[in-house]
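Visitor: fold the following.
(one chain, ligands or ions: 1)
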Amino acid sequence: MNVAQEAYITGIGMSEVGVRLTRSALGLTLDAVKEAIADAGLTLDQIDGVATYPGKMQSFLGFSPVSSDDLIEVLGLKTRWHIGAAEATAQLGAITEAANAVKAGLARHVVCFRTVYEAAALARPEEFPPLERRKDVSGGSQWVSPFGAFSAANWTAQFAMRHMKRYGLTREQLAQVALNDHANAALNPRAIVKKPLTMDEYMSARLISTPFCLYDCDRFTDASTVVIVSAGDALDEIKATPIRIAASAGSVERYSWDQAEWAGAYPTGRDLWKNTDYKPKDVDTVQFYDGFAFQPITWLEGLGFCEVGEGGQFIEGGKRIARDGELPMNTGGGQLGWGRLHGFGFAYESVVQLRGDGGARQIAGDPRVAIATSGGGPMAAALLLTRD
Ligand SMILES: CC(=O)CC(=O)SCCNC(=O)CCNC(=O)[C@H](O)C(C)(C)COP(=O)(O)OP(=O)(O)OC[C@H]1O[C@@H](n2cnc3c(N)ncnc32)[C@H](O)[C@@H]1OP(=O)(O)O
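Guide: Numbering: from 1, shown residues only. Predicted coordinates:
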């Protein structure tokens, strides 16, 4: 391997994470950028690239409150390359784009950020009109919004129901994702959730969209997460342990309601392994996107940790995915426990674990290989990260 031709995550940062924070979205973003740059040991004038997801999409529901242009202007960055990856293959696709840019010599140090402001926005409907108030619904939304199915909970529930009927997935199995996330979040000082969840609490929670109850759904959050992607030939400027982006993959799929599998995780999984010599057995920890508890099940299957249809059995009882299990999952609490960081939290937590910086939630041994994913529906992305 020629290090100079590789791309590395060299810094991570995160703002305060909360619900209806009395901070601006830009302020949260600047906090996270500052922390990541300091973590890498860089200075602002060394940043020559910016990448974000989803670029310049409209900021309904606080989904996309800060653009790459905003950040460049406010910080006065002298960027050679930047992208608002609106159509990137899900959130972590922005990090893949940055890795490709540094490998191509278009930039040396790229700030990749994802800021979410959905909790604050929900409390300010005049400023951030909710979907049901908008007159300009288009694309896939036009087929579901007239029926009141505004939420991804309604759509994702269809796939979970199909999995239950076809493969026998149970609510007890689904619960393991939430229980595991809450247990790990309780050890993460930055997480919204502060205590473990019991099976009784899970089962008695209010129903949101069959089969999802409250604890199957991530919660709208205000936060910003940053990772810095650097060129392999710039590592002598870095003070932190670099984590290599050893492989990445993604897909933007059209899907239909009669598909059994939750589309994006499956082609993404297949492609990821084509792009590396690593195998599923080499992976020390997985950080799987969990907008809903069902999605990690599709990632387990899509990435080949088990056969299609066997994701529920894989997590039965929760031991395998626990911090001391054979495949520790969502060690920072995932989106169900940490907060809806919209994919970037999984890249952040992978770096924490691979550096051995997890404190009370650090997994044992000497983890060297992690997978972070985002999305899993029509859009999906995965990164294979290694400490070499
Ligand atoms: C590629 C992609 O982009 C794909 C995706 O991301 S898919 C994932 C998309 N995620 C979502 O759509 C978010 C899903 N979650 C939700 O819609 C909402 O949380 C929900 C419908 C489940 C509940 O909302 P609600 O009924 O309006 O609850 P709300 O009145 O806001 O809150 C009441 C209390 O319930 C609790 N609560 C709310 N949501 C919760 C959740 N998801 N989990 C646990 N507790 C929750 C809180 O204690 C809350 O009190 P606070 O105000 O102190 O926070």
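Visitor: ok, which residues in the stretch 151-300 of the chain are in contact with the ligand?
Guide: Neighbours of the ligand within the stretch 151-300 of the chain, by Cβ under 6 Å from any ligand atom: Ser151, Ala152, Ala153, Ile208, Leu214, Tyr215, Cys217, Asp218, Arg219, Phe220, Gly291, Phe292. Where you see a C-beta, it was placed from the backbone N, CA and C, and this is true even at glycine.
Visitor: try it again with 8 Å
Guide: 151-153, 156, 193, 205-206, 208, 212, 214-215, 217-220, 289, 291-292, 295 (Cβ under 8 Å from any ligand atom).
Visitor: what residues are up against the residue in the chain positioned nearest to the ligand?
Guide: The ligand sits closest to Gly291 of the chain, with a gap of 2.4 Å, by Cβ to the nearest ligand atom. When contacts are counted by Cβ atoms under 8 Å, 6 or more residues apart in numbering, Gly291 touches Ala152, Thr156, Cys217, Asp218, Gln335, Arg340, Gly376.
Visitor: from those, pick the one nearest Val33.
Guide: Nearest to Val33 out of these is Arg340 (Cβ to Cβ; 19.9 Å).
Visitor: tell me how far the closest residue to Ile315 other than its chain neighbours lies from Ile321.
Guide: Excluding the flanking residues, the one nearest Ile315 by Cβ to Cβ, 6 or more residues apart in numbering is Gln176, at 4.5 Å. Plainly put, Gln176 is 7 Å away from Ile321 if you go by Cβ to Cβ, to the nearest Å.
Visitor: check Ala51 too.
Guide: According to Cβ to Cβ, Ala51 and Ile321 sit 30 Å apart.
Visitor: do the same with Lys195
Guide: In terms of Cβ to Cβ, Lys195 sits 19 Å off from Ile321.
Visitor: between the two, which has more neighbouring residues?
Guide: Ile321 (27 against 11; other Cβ atoms under 10 Å).
Visitor: check that one and give its pLDDT.
Guide: pLDDT for Ile321: 98.
Visitor: is it true that it touches Pro328?
Guide: Yes. Between Ile321 and Pro328 there is a contact at 6.8 Å, judged by Cβ atoms under 8 Å.
Visitor: how about low-confidence regions in the chain?
Guide: Along the chain, the model assigns pLDDT under 70 to residues 55-61, 85-88, 130-136, 139-140, 254-262.
Visitor: show me where it has strands.
Guide: Using DSSP state E, the strands of the chain run over residues 7-14, 49-52, 81-84, 109-117, 207-209, 212-213, 222-231, 243-252, 285-287, 369-375, 379-386.
Visitor: give the pairing partners of the second one; include direction for each.
Guide: It refers to strand 49-52. strand 81-84 (parallel), strand 109-117 (parallel) (DSSP bridges).
Visitor: how distant is the first one from the center of its chain?
Guide: Meaning strand 81-84. Distance of strand 81-84 from its chain centroid, counting by Cα atoms, centre = their mean, to the nearest Å, is 19 Å.
Visitor: please name the nearest non-neighbouring residue to Asp4.
Guide: Actually, residue 4 is Ala rather than Asp. In space, Ala4 is closest to Asp233, 4.0 Å off (Cβ to Cβ, 6+ apart).
Visitor: from Gly11, how far out is the one you found?
Guide: Distance from Asp233 to Gly11, counting by Cβ to Cβ: 17 Å.
Visitor: OK, contacts around the residue nearest the centre of the chain?
Guide: Closest residue to the average C-alpha location of the chain: Gly343 at 1.4 Å, with Cα atoms, centre = their mean. Residues counted as contacts of Gly343 (Cβ under 8 Å, 6+ apart) are Tyr53, Ala90, Gln91, Leu92, Arg114, Tyr289, Thr373, Ser374, Gly375, Ala381.
Visitor: format the residues you listed as a markdown table; extra columns: neighbour count.
Guide: Shown next, in a markdown table, are these (neighbours: other Cβ atoms under 10 Å):
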| residue | neighbour count |
| --- | --- |
| Tyr53 | 32 |
| Ala90 | 28 |
| Gln91 | 31 |
| Leu92 | 32 |
| Arg114 | 29 |
| Tyr289 | 31 |
| Thr373 | 34 |
| Ser374 | 36 |
| Gly375 | 28 |
| Ala381 | 33 |
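Visitor: need the strands of the chain in JSON lines (columns: distance to Arg124).
Guide: Shown next, in JSON lines, are those (distance: least, Cβ to Cβ, whole Å):
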{"stretch": "strand 7-14", "distance to Arg124": "23"}
{"stretch": "strand 49-52", "distance to Arg124": "22"}
{"stretch": "strand 81-84", "distance to Arg124": "23"}
{"stretch": "strand 109-117", "distance to Arg124": "10"}
{"stretch": "strand 207-209", "distance to Arg124": "23"}
{"stretch": "strand 212-213", "distance to Arg124": "26"}
{"stretch": "strand 222-231", "distance to Arg124": "11"}
{"stretch": "strand 243-252", "distance to Arg124": "31"}
{"stretch": "strand 285-287", "distance to Arg124": "31"}
{"stretch": "strand 369-375", "distance to Arg124": "26"}
{"stretch": "strand 379-386", "distance to Arg124": "27"}
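Visitor: which one of these lies nearest to Leu169?
Guide: When the strands of the chain are compared (using Cβ to Cβ), the closest one is strand 212-213, at 12.3 Å.
Visitor: show me what that closest one is packed up against.
Guide: Strand 212-213 sits against helix 152-167, with contacts defined as 3 or more Cβ pairs under 8 Å, 6 or more residues apart in numbering; DSSP states H and E.
Visitor: for Leu214, see how far away His182 is.
Guide: In terms of Cβ to Cβ, His182 sits 12 Å off from Leu214.
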